[in-house]
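Got a sequence here, can you build the structure:
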Amino acid sequence: MLLRRIIAEIIDIFVLIGGTALGIFLAGQLNGMFEESFTLLTISELCIIVLIPIALQSLFWLERTTIGKTMVFCKVVTNDESDLNYFAMFTREYVSKVFSCYLVCLPIFARKPGLHEVITNSKVELKLKRG
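Predicted coordinates for the structure are as follows:
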């Protein structure tokens with residue numbers, strides 16, 4: 001399970017980097033559109049760069065998973081069997097991605113919940129195949 005979680009996190013980071021690269025490419029296409037207002041151009045570029053990775057992952061957040069977790073057949077569930085909502089999934093992934101370079105995910109290697117799991121009261125389980 002630990003290896004699956006690591007692979008899922010790496011895939012999600014690649015999706016984040018790829019989505020950001022796509023956002024930078026599309027934002028570069030805006031360069032000639034706003035000749036008078038540099039502020040409007042900058043705000044538009046930042047919105048595109050931030051929103052594309054979120055838009056890619058948000059489709060999977062509705063199903064309580066991410067692109068990486070889908071590829072390794074895992075899903076996110078709550079510890080107390082309550083329904084995990086979209087905001088909890090967004091918070092979980094935001095905390096995981098923003099702080100993953102620091103100390104958030106290190107407890108996972110000791111088989112303990114990470115900070116993103118403690119905050120959202122959730123955990124990752126193996127998704128059972130249907131049929």
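
Check what pLDDT Val72 gets.
pLDDT recorded at Val72 is 91.

How about the one 5 residues further on?
At Val77, the pLDDT value in this model is 84.

Next: Phe38.
72.

and the gap between it and Val15?
30 Å (CB to CB, to the nearest Å). For every residue, glycine as well, the C-beta is placed using N, CA and C.

Pick out whichever of these two has more residues nearby.
Taking neighbours as other CB atoms under 10 Å, Phe38 and Val15 compare with Val15 leading, 17 against 9.

So the more buried one is in contact with Leu56, correct?
Yes: using CB atoms under 8 Å, Val15 is in contact with Leu56, at 6.0 Å.

list residues touching both of the two?
The contact sets of Val15 and Leu56 overlap at Ile67 (CB atoms under 8 Å, 6 or more residues apart in numbering).

any idea how far the residue sitting nearest the centre point of the chain lies from Ala8?
Centroid-nearest residue in the chain, with CA atoms, centre = their mean: Glu93, separated by 4.5 Å. Using CB to CB, Glu93 is found at 11 Å from Ala8.

Mind listing the shared neighbours of those two?
Thr66.

Tell me which other helices or strands the helix or strand where Glu9 lies touches.
Glu9 is part of helix 2-29, with elements assigned from DSSP states H and E. The contact analysis (3 or more CB pairs under 8 Å, 6 or more residues apart in numbering; DSSP states H and E) places helix 2-29 against helix 38-61, helix 67-71, strand 74-78, helix 86-99, helix 106-109, strand 122-126.

Count the neighbours of Pro53 for me.
Pro53: 20 neighbours (other CB under 10 Å).

just the one 10 residues further on next, same as before
The burial metric for Glu63, expressed as a neighbour count using other CB under 10 Å, is 12.

Distance-wise, check it relative to Thr91.
Plainly put, Glu63 is 17 Å away from Thr91 if you go by CB to CB.
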